[in-house]
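Colleague: sequence-free structure coming up:
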């Protein structure tokens, strides 16, 4: 467990360079406010947002994809956030993967359908197993409602995603509400 906590603050593009922000991050890890969460039924969370399009493919090296959902905790409390991925022709009872993270106040975490090279984006939470042949949607759930969410699909080429081809934004709507038509 201590090794996993240390992995969260290993120097890299996802670790702040500003001294005060780095100190806050280290403190959050030490008191276990910042941690990867297991996919455990019963942890309190409420569906908040629907990511209308998710794509995660690795079938060939000429066109690959992964979905990244960025979540910022705007609550004053640590927020347990879950991103659950679903195939297109399934209901909300049949997820293909869930990524979870306890996010301290004012921190942003990137949830991804699968790992990508750090040069593209640093992913903080990935489902196990990673999604490699899936298309559909994702639901963002959290303990507290004060979250900001954005999502994008990254298209790459090469067997290690070494060539970036395109990035598209996915529409985010309030879960259970209608789309505003934009």
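Modeller: Great, that's in hand. Just so we're clear, the structure is a prediction, and the values are computed from it rather than from any experiment. Numbering: from 1, shown residues only.
Colleague: Tell me where the model's unsure across this protein.
Modeller: By pLDDT under 70, the low-scoring segments of the chain are 1-18, 21-22, 24-25, 27-29, 31-44, 182.
Colleague: Tell me where it has helices.
Modeller: 2-7, 19-30 (DSSP state H).
Colleague: Nearest the middle, which residue of the protein would you pick?
Modeller: residue 111 (1.1 Å; C-alpha atoms, centre = their mean).
Colleague: what's the closest non-adjacent residue to that residue?
Modeller: Once flanking residues are discounted, residue 111 sits nearest to residue 83: 4.0 Å by C-beta to C-beta, 6 or more residues apart in numbering. Just so you know, the C-beta spots here come from the backbone N, C-alpha and C atoms, and that holds for glycine as well.
Colleague: Might you report the residue contacts of that neighbour?
Modeller: Contacts for residue 83 (C-beta atoms under 8 Å, 6 or more residues apart in numbering) come out as 51, 69, 71, 98-100, 111, 125, 138-141.
Colleague: Could you identify the most distant pair in those?
Modeller: 51 and 100 (15.5 Å; C-beta to C-beta).
Colleague: quick one: which of these two has more around it?
Modeller: residue 51 (27 against 22; other C-beta atoms under 10 Å).
Colleague: I'd say the more buried one and residue 150 touch.
Modeller: No. At 9.3 Å, residue 51 does not count as touching residue 150 under the criterion of C-beta atoms under 8 Å.
Colleague: And the strands in this structure?
Modeller: 35-36, 46-57, 64-73, 79-87, 95-103, 108-112, 133-142, 147-157, 163-169, 172-174 (DSSP state E).
Colleague: Each with direction, which strands does the fifth one pair with?
Modeller: Read that as strand 95-103. strand 35-36 (antiparallel), strand 79-87 (antiparallel) (DSSP bridges).
Colleague: Please identify the deepest-packed of those.
Modeller: For the strands paired with strand 95-103, the largest average neighbour count (mean count of other C-beta atoms under 10 Å) is found in strand 79-87, namely a mean of 23.
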